[in-house]
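Visitor: sequence first, predicted coordinates after that:
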Amino acid sequence: MSFNNLDQLYRQVIMDHYKHPRNYGELDDDVVTINMNNPTCGDRIQLTLKVEDDKVSDVKFSGEGCSISLASASMMTEAIKGLSVADALKMSGLFSDMIQGKEYADDELNFGDIEALQGVSKFPARIKCATLAWKAMEEGLQE
Ligand code: FES
């Protein structure tokens, strides 16, 4: 696949998550709730996480933000649901490397759609958008 086609495919994946966010909403009962905002634009996200037996058994998000931040939140919730807390945090570390344009190895943990956000590393101003939901997840799981 040529670079342009791949770029276009990635754009479509991002827009699909933005327009049809997965796991959008709020969980109730026994959940960890984290509110976080992007200080540069004021956009905000709320994440509710349910952890059972050291696993992320359910997760939902809501909030307002740009296409990158909401698509990233949607992808993150899909990726971590069912993972152990340790693996979810590990994935967050890998995501942070990817988004900063560093080498990363996702062979153990499948990134799936998340790779569509790779190109954000070329736009430093948008990195905070992409990491917002991940930072919220890290905070929630480290509690
Ligand atoms: Fe606000 Fe992206 S511009 S989160």
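Guide: Now that the structure is in, tell me what you want to look at. Not measured: the values here are computed from a predicted model.
Visitor: what comes up buried for stretch 21-38?
Guide: 21-23, 27, 31-32, 34, 36-38 (16 or more other C-beta atoms under 10 Å). Yep, even glycine has a C-beta here, placed from its N, CA and C like the rest.
Visitor: kindly export it (C-alpha atoms) in CSV.
Guide: Taking C-alpha atoms only, stretch 21-38 is exported to CSV below (Å, rounded to 0.1, in the frame of the first residue of the first chain):
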residue,chain,number,x,y,z
PRO,A,21,-17.3,6.3,19.3
ARG,A,22,-17.1,2.9,21.0
ASN,A,23,-17.9,2.6,24.7
TYR,A,24,-19.4,6.1,24.9
GLY,A,25,-21.3,6.9,28.1
GLU,A,26,-21.0,6.4,31.7
LEU,A,27,-20.8,3.3,34.0
ASP,A,28,-22.4,3.3,37.4
ASP,A,29,-21.8,1.2,40.5
ASP,A,30,-18.4,0.5,41.9
VAL,A,31,-16.5,2.4,39.3
VAL,A,32,-13.4,4.6,39.3
THR,A,33,-14.3,8.0,37.7
ILE,A,34,-11.6,10.3,36.3
ASN,A,35,-12.1,13.7,34.8
MET,A,36,-9.3,15.2,32.9
ASN,A,37,-9.0,18.2,30.6
ASN,A,38,-6.5,19.3,28.0
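Visitor: sitting in helices, which of the buried residues of stretch 21-38 do you find?
Guide: Counting by DSSP state H, none of the members of the buried residues of stretch 21-38 fall within helices.
Visitor: out of these, which touch the ligand?
Guide: Counting by C-beta under 6 Å from any ligand atom, residue 38 from these sit close to the ligand.
Visitor: this completes my enquiry, with thanks.
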